[in-house]
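> My questions are about this predicted structure, shown below with the sequence.
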Amino acid sequence: MKDSNARRLSVAGVTVAHGQQVAVKRVSLTVGMGEIVALVGPSGSGKSTLLGAIAGFYPIQSGAIWIGEEMVASPTFSLPPEKRRIGVVFQSHALWPQWMVVDNVAYPLRRRGMARLSARREAESVLAAVGMDAYAARYPSELSGGQRQRVGLARALAARPDLYLFDEPTASLDPANRDAFAQEVRERIRQTGAAALYVSHQADEALSLAHRVAVMMNGEILQVGTPAEVYECPRTAEIARLLGPAACVTGVVPEVDASGLAQVQIADSEQTVRLTSAPRSAHLGRRPLMMRPEWCELTADDGSALPCRVARVQYVGHRTLYELESLAGRVLASHAGPPQSAEGERVGWRVRRACVLEG
């Protein structure tokens, strides 16, 4: 990533309403030069509305939006979308069905005043970069979903924007095409120094693609950090579960030593746990704790760990995930490889690591 102090996008205190319904509430966010920021959140959280406001599709009721050094939106001003130097890639592809692929990609170049032949040559070059040059003379109806999405990406790339806006572009793609698409996005951002705001419902995609992740709920951005920060140290249980499997229980924490270890009481079990997001040498008392399944393990039900009953076993090829019933509530554990315990079996549950949540 290049110098993030050179901001490609600055959103400052932006509010967006649809009639009487406020969809985005005083949101502030920056995206630096050469940076990809993933915007994640449940349906209806305001992600697509925020993207639409940045693109110029929706007016804003408060705050301001800058792209580079230019203010493009305020409550009293809105630069037209075609003048904002952005490239937008939608989930729905948004291709013109009556035009061949090459003409779809050449369109933004023609809008900038490039001669027809030059625009066509540039479009063919960009299509080659995304592996779609062999399909230049086809119509969108003759392409698969993954191919149409690559054409949408090529059209955005051809515009050479300062800022890319992606609105769930891989939702209709299979895993292989999703990975290929993400790789092309990363490479283009690296090469050009542009920036990208990438809306995704896929937590694994957001964590693997982005330099930073912004979590949005109920129209507000609740946490921004590196993928490791938001995954390993979420502020709340809701954020934790949004980003992957998580067990949230109440524990009693008498003291945290200088290395981050604590003797934590969970239900009727006392365990030595490494805590994150916790002050050292402080009596925390009863606190909400979050554990990822890979931070926990199954043991024999011999009294040395929290007694549990295996409620569900989910094998996903590279690992096995367990849901367990205990006096502390539903908890999780996982290990690499195929299942080693069956549903209904009595086991012990041991925690190696936990995050102290707010509240």
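Now that the structure is in, tell me what you want to look at.

> centroid residue for this protein?
A206 (3.1 Å; Cα atoms, centre = their mean).

> name the helices or strands packed onto the strand or helix carrying that one?
Per DSSP states H and E: A206 is located in helix 203-209. Helices and strands touching helix 203-209, as assessed by 3 or more Cβ pairs under 8 Å, 6 or more residues apart in numbering; DSSP states H and E, comprise strand 36-40, helix 175-192, strand 195-200, helix 227-232. Quick note: C-beta positions are derived from backbone N, CA and C, even for glycine.

> pLDDT (mean, whole number) over the longest one?
Averaging pLDDT along helix 175-192 yields 81.

> what does stretch 251-261 give?
Stretch 251-261 carries an average pLDDT of 88.

> hmm, who's touching the helix holding A206?
Here helix 203-209 makes contact (Cβ atoms under 8 Å, 6 or more residues apart in numbering) with 36, 38, 40, 170, 178, 182, 185-186, 198, 200, 213, 227, 231, 242-244.

> Which member of the residues you listed is positioned nearest P81?
Minimum distance to P81 across the contacts of helix 203-209 is 18.6 Å, recorded for Y198 (Cβ to Cβ).

> which residues does that closest one bridge with?
For Y198, the beta-bridge partners under DSSP bridges are A38, F166.

> which residues does it contact?
36-39, 164, 166, 169, 185, 206, 209-210.

> so how far is I239 from it?
18 Å (Cβ to Cβ, to the nearest Å).

> that older thread, out of the helices and strands packed on helix 203-209, which is closest to L332?
helix 227-232 (14.7 Å).

> What are the buried residues along the closest one?
For helix 227-232, burial by neighbour count (16 or more other Cβ atoms under 10 Å) applies to 227, 230-232.

> quick one on the thing from earlier: from the contacts of helix 203-209, pick the one nearest P97.
Looking across those and measuring by Cβ to Cβ, the closest to P97 is T170, at 21.4 Å.

> On the three-state scheme, the residue lying farthest from the centre of the chain is what?
No residue in the chain sits farther from the centre than D302, which is 40.6 Å out by Cα atoms, centre = their mean. The three-state label given to D302 by DSSP: H, G, I helix; E, B strand; the rest coil is coil.

> ok so, going back, just the buried ones from the contacts of helix 203-209?
Of those, these count as buried by 16+ other Cβ under 10 Å: 36, 38, 40, 170, 178, 182, 185-186, 198, 200, 213, 227, 231, 242-243.

> Let me know the helix or strand that A119 is in.
Assigned by DSSP H and E, A119 belongs to helix 116-129.

> Could you list the low-pLDDT ranges of the stretch 251-359 of the chain?
279-282 (pLDDT under 70).

> one more time with 80, if that's ok
Within the stretch 251-359 of the chain, the segments meeting pLDDT under 80 span 277-284, 359.

> okay, the buried residues of helix 227-232 in a markdown table with pLDDT and distance to Q191 next?
Formatted as a markdown table, these follow (pLDDT from 0 to 100; distance: Cβ to Cβ, whole Å):
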| residue | pLDDT | distance to Q191 |
| --- | --- | --- |
| P227 | 97 | 22 |
| V230 | 97 | 27 |
| Y231 | 97 | 28 |
| E232 | 96 | 30 |
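
> need those in JSON lines with distance to M71, can you?
Listed next are the buried residues of helix 227-232 as JSON lines, based on distance: Cβ to Cβ, whole Å:
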{"residue": "P227", "distance to M71": "30"}
{"residue": "V230", "distance to M71": "29"}
{"residue": "Y231", "distance to M71": "34"}
{"residue": "E232", "distance to M71": "36"}
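
> how about the CA coordinates for the helix or strand just after the helix holding A206, as PDB?
Counting by DSSP H and E, the next helix or strand C-terminal to helix 203-209 is strand 212-217. In PDB, the C-alpha atoms belonging to strand 212-217 read as follows (Å, rounded to 0.1, in the frame of the first residue of the first chain):
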ATOM      1  CA  ARG A 212      -8.600  -1.900   6.500                       C
ATOM      2  CA  VAL A 213     -12.100  -3.000   7.400                       C
ATOM      3  CA  ALA A 214     -14.900  -0.700   8.400                       C
ATOM      4  CA  VAL A 215     -17.900  -2.300  10.200                       C
ATOM      5  CA  MET A 216     -21.200  -0.600   9.600                       C
ATOM      6  CA  MET A 217     -24.500  -1.200  11.500                       C
END
